[in-house]
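> I need the structure of the sequence given here:
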Amino acid sequence: MTPLSCGEELFTNLKGPLWRILVAVALCLASPFGAHGEEYPSRTVRIIVPYTAGSPNDLLARMIARDLQSRLSSPFIVENKPGGGTVIGTRVFAASPPDGYTLLFSSSSLIVDPILNHRDADLKLAEQFAPVAIVATTSWLLAASPRLSTKTLKEFIAYAKANPSAINFGFAQGTAAQLVGDRFKVLTNAKIVDVPYKGGTEAISDFLGGRIQMLTPTPSTSLPFIRNGQMLALAITSKARNADLPDVPTFRESGLPELTLDFWAGVFAPSGTPPGIINRLNAAINACLQSPATKDNMRKLGFDAKAQSPQGFAAFVAQEIPRWTEIVKSTSGTNR
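This next block holds a predicted model:
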């Protein structure tokens, strides 16, 4: 099956469930290199990161870009295009030709944004995004300002209920981190004010300045602040406690099992990209992720490396859509 006939079959099935579409993608990716796949890459490849510089996704993307440049002997550059809840950068990517020279490094937000904005996440993914490789997983924390008189999650919830709208929650708009915090509000009936930002680093800056009192960061962006006493971690969304934060209980331990959630990040190509290119990128990324040095560097940033085939990544994303759709529905009444 040629890449063209692959695409034709995919688009004629867009009305079906996402898993059928992803099966078609998997069958396409199982075919040999496209006509010019062996020559790829022969020039600079740009990786669009729709997040601010210094954010978890940015750090991961730059790590992968450096390794790909070494392994594939061509420049791989990262372009930060934050804004609009990741929409600005993602739109630039979606308009790019499917030739493997423009990639997207994104995360859970890729499926969260269409759901938040009442678009069909299933069809948007099938129409515009070809999963290349998942890169990493981690968790979110619920972090509170040490300026508050609360030391535990239970105390924080009690304070929020006793002082309606006294706590401001900062987040990058349109991201999964926003939904984690809003889901927390729904589950606890805590009256907390949402304060959206262009990027997570801006929210951290205002948090450290005392203008907001709650964040849902990943360990990668919060560990230094937790260790120096500028941020208090009250709970983590992982299934088990984090080795770097052994004293921080999981939400399940704290009586909120609904907040057992994973952050993920990975690489996408435009839909219609020749399967040979996708397979070559996947093999190079997975080789990077299996490197002890990469695993160690990711662990220091608070991430777990996760290697998978394009088909496996596509199936994983398909499973995430109904999960986050339900979370969006449950938080639709919060004060965004």
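> domain boundaries for this structure, per the record?
With domains defined by automatic domain parsing, the chain comprises 3-138+263-330, 141-259.
> just the helices from the protein, written as ranges.
3-12, 18-29, 56-72, 87-94, 109-116, 121-128, 153-162, 176-188, 200-208, 219-227, 275-289, 292-301, 310-330 (DSSP state H).
> what sits closest to residue 127 if chain neighbours are left out?
residue 271 (6.2 Å; Cβ to Cβ, 6 or more residues apart in numbering). For glycine as for every other residue, the C-beta is placed from the backbone atoms N, C-alpha and C.
> for the nearest residue to residue 303 once chain neighbours are set aside, what are its contacts?
In this structure, residue 303 finds its nearest non-sequential neighbour in residue 136, 4.1 Å apart by Cβ to Cβ, 6+ apart. Shown in contact with residue 136 (Cβ atoms under 8 Å, 6 or more residues apart in numbering): 60, 264, 265, 266, 298, 303, 304, 305, 306.
> how about CSV for the helices of the chain, with distance to residue 142, mean pLDDT and mean neighbour count added?
Shown next, in CSV, are these (distance: least, Cβ to Cβ, whole Å; pLDDT from 0 to 100; neighbours: other Cβ atoms under 10 Å):
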stretch, distance to residue 142, mean pLDDT, mean neighbour count
helix 3-12, 40, 35, 16
helix 18-29, 31, 46, 20
helix 56-72, 16, 93, 21
helix 87-94, 26, 88, 19
helix 109-116, 18, 79, 24
helix 121-128, 25, 63, 20
helix 153-162, 7, 96, 17
helix 176-188, 6, 93, 23
helix 200-208, 12, 91, 20
helix 219-227, 11, 89, 19
helix 275-289, 28, 97, 21
helix 292-301, 20, 87, 14
helix 310-330, 15, 89, 18
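> now these in TSV, with distance to residue 252?
Shown next, in TSV, are these (distance: least, Cβ to Cβ, whole Å):
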stretch	distance to residue 252
helix 3-12	39
helix 18-29	28
helix 56-72	23
helix 87-94	32
helix 109-116	22
helix 121-128	27
helix 153-162	12
helix 176-188	12
helix 200-208	24
helix 219-227	17
helix 275-289	28
helix 292-301	23
helix 310-330	16
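> who's in contact with residue 94?
When contacts are taken as Cβ under 8 Å, 6+ apart, residue 94 is in contact with 128, 129, 270.
> any chance of the residues you listed in CSV, plus distance to residue 198?
Formatted as CSV, those follow (distance: Cβ to Cβ, whole Å):
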residue, distance to residue 198
128, 23
129, 23
270, 25
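> which one among those residues gets closest to residue 184?
residue 129 (28.8 Å; Cβ to Cβ).
> for the closest one, which non-adjacent residue is closest in space?
Nearest one to residue 129, counting by Cβ to Cβ, 6+ apart, is residue 268 at 4.7 Å.
> roughly how far does that neighbour sit from residue 280?
In this structure, residue 268 and residue 280 are 15 Å apart, going by Cβ to Cβ, to the nearest Å.
> what residues are bridge-paired with the residue nearest to residue 303?
Beta-bridge partners for residue 136, by DSSP bridges, are residue 265, residue 305.
> please report how far it lies from residue 294.
10 Å.
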